[in-house]
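Undergrad: Got a predicted structure here, sequence first:
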Amino acid sequence: MEKLGRNDVCWCGSGKKYKKCHCNIDEKIVEFKNKGSEVPARNLLKTPQQIQGIKESCKINIAVLDYVGEHIKAGVSTEDINRWVYEETTGRGAIPAPLNYEGFPKSVCTSVNNQVCHGIPSADVVLKDGDIINVDVSTILNGYFSDSSRMYCIGEVSPEKKRLVDVTKESIKVGLDQVKPWGFLGDMGQAINDFAKENGYTVVKEIGGHGVGLEFHEAPWVSYVSKKGTEMLMVPGMIFTIEPMINMGASDIYIDDENDWEVYTVDGQPSAQWEIQVLVTEAGYEILAY
Ligand code: MF3
Ligand code: CO
């Protein structure tokens, strides 16, 4: 970290003196670091201007998911959803982040029933009564990234699947309660894992959340099977996703080796996921996309 004088202008671009802006935060980070905690590098603390840009991107992400929610129903194919996302995103002057991301062929991930995540939209996958689906939307606007996902229940869904979807949604709230400056990401991870277990479910270990904003996927990697008091320190200005994948059966997953993307439960039981994008603030947190 560059060493600033207390009367210098703060590195974050706020225009304020360092002593009236990030000085205390930087000192506190150093204290935690000296005690052996994993702490965020300065580039993970977004500046007010970056936060503004990221929020604009998030607004589009939310609007696209709202559009999906208004139109999704039995008979719709996941390719239809892909087309909606492409059109609703580009129509607002933004770019779907998944498209061509590390070779991903479509504009959105659509994961149905026993698909855990990274489902590739297809005209052959037609939604039917009783399906549950995660639609994971990510947007780039003026270089700023947003990322959130929701579950949709198609027609009459079994009570078992409905409960999985609801508990997974509630787990996000349980995790959020742990998001505050000078706590640890593991506080949030453990809260979600405990809550899933109490409800008889399991949490996917191999895939997690991530920092997001200036890139699609930034540090830190965010686990939902982590332990209280471990993982990265949460500091105001950090932006990351909370996106646990919760399985009705066992936590084991595999990746489809025909496309190297689509993730499924090994036991064939359903999996659910909700994703929000959250900013750590001085007071706690602010949800930027959901
Ligand atoms: N949106 C996913 C996430 O939450 C990322 C998917 S990568 C993609 O991190 F290429 F499949 F889109
Ligand atoms: Co994500």
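TA: That came in fine, so what should we check first? Ligands and ions are numbered 1, 2, ... in the order given.
Undergrad: What parts of the stretch 101-250 of the chain come near ligand 1?
TA: By CB under 6 Å from any ligand atom, the part of the stretch 101-250 of the chain that sits against ligand 1 consists of Tyr101, Glu102, Phe104, Cys109, His118, Asp136, Ser138, Asp147, His210, Glu243. Where C-beta positions appear, they are placed from N, C-alpha and C, glycine not excepted.
Undergrad: which among those end up buried?
TA: Among these, those buried by neighbour count (16 or more other CB atoms under 10 Å) are Phe104, Cys109, His118, Asp136, Ser138, Asp147, His210, Glu243.
Undergrad: Closest to ligand 2 out of those?
TA: Using CB to the ion, Asp147 is the member of those that sits closest to ligand 2, with 4.2 Å.
Undergrad: Kindly indicate whether that closest one is helix, strand or coil.
TA: Under the three-state scheme (DSSP: H, G, I helix; E, B strand; the rest coil), Asp147 adopts strand.
Undergrad: May I have the predicted confidence score for it?
TA: Predicted confidence (pLDDT) for Asp147: 99.
Undergrad: following the helix or strand hosting Asn82, which helix or strand comes up?
TA: In the assignment (DSSP states H and E), Asn82 maps to helix 78-90. Note on helix 78-90: by DSSP H and E, the next helix or strand toward the C-terminus is strand 95-96.
Undergrad: Give me the sheet partners of that following strand and which way each runs.
TA: Strand 95-96 has the following strand partners under DSSP bridges: strand 132-141 (antiparallel).
Undergrad: do the partner strand and ligand 2 meet?
TA: No - on the criterion CB under 5 Å from the ion, strand 132-141 is out of touch with ligand 2, staying 6.8 Å away.
Undergrad: Only alpha carbons, please: show that strand as CSV.
TA: The C-alpha coordinates for strand 132-141 follow below in CSV (Å, rounded to 0.1, in the frame of the first residue of the first chain):
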residue,chain,number,x,y,z
ILE,A,132,-37.5,-25.2,-10.8
ILE,A,133,-34.9,-23.1,-12.7
ASN,A,134,-32.1,-20.8,-11.8
VAL,A,135,-31.6,-17.9,-14.2
ASP,A,136,-28.1,-16.3,-13.6
VAL,A,137,-27.7,-12.9,-15.2
SER,A,138,-24.5,-10.9,-15.4
THR,A,139,-24.1,-7.5,-17.1
ILE,A,140,-21.3,-5.3,-18.2
LEU,A,141,-22.1,-1.6,-18.4
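Undergrad: Between helix 78-90 and it, find me the angle.
TA: Here the directions of strand 132-141 and helix 78-90 differ by 30 degrees (axes from the mean of the first three to the mean of the last three CA atoms, to 10 degrees).
Undergrad: can you map out the helices along the protein?
TA: 23-34, 48-71, 78-90, 159-176, 185-198 (DSSP state H).
Undergrad: Mind giving me the packing neighbours of the fourth one?
TA: Read that as helix 159-176. strand 132-141, strand 144-153, helix 185-198, strand 239-242, strand 245-247, strand 271-273, strand 276-280 (3 or more CB pairs under 8 Å, 6 or more residues apart in numbering; DSSP states H and E).
Undergrad: returning to that earlier point: any residues touching the helix holding Asn82, and which ones?
TA: Residues from elsewhere that reach helix 78-90, judged by CB atoms under 8 Å, 6 or more residues apart in numbering: 60, 63-64, 67-68, 71-72, 95-96, 99, 106-108, 110, 112, 119, 121-123, 125, 127, 133, 135, 137, 139.
Undergrad: tally of neighbours for Gly142?
TA: Careful, residue 142 is Asn; it's not Gly. 11 (other CB atoms under 10 Å).
Undergrad: quick one: it and ligand 2, what's the gap?
TA: According to CB to the ion, to the nearest Å, Asn142 and ligand 2 sit 20 Å apart.
Undergrad: next one: Lys17
TA: Counting by CB to the ion, the gap from Lys17 to ligand 2 is 36 Å.
Undergrad: and that residue, what are its bridge partners?
TA: Val9.
Undergrad: Also Leu279?
TA: Beta-bridge partners for Leu279, by DSSP bridges, are Ile239, Glu286.
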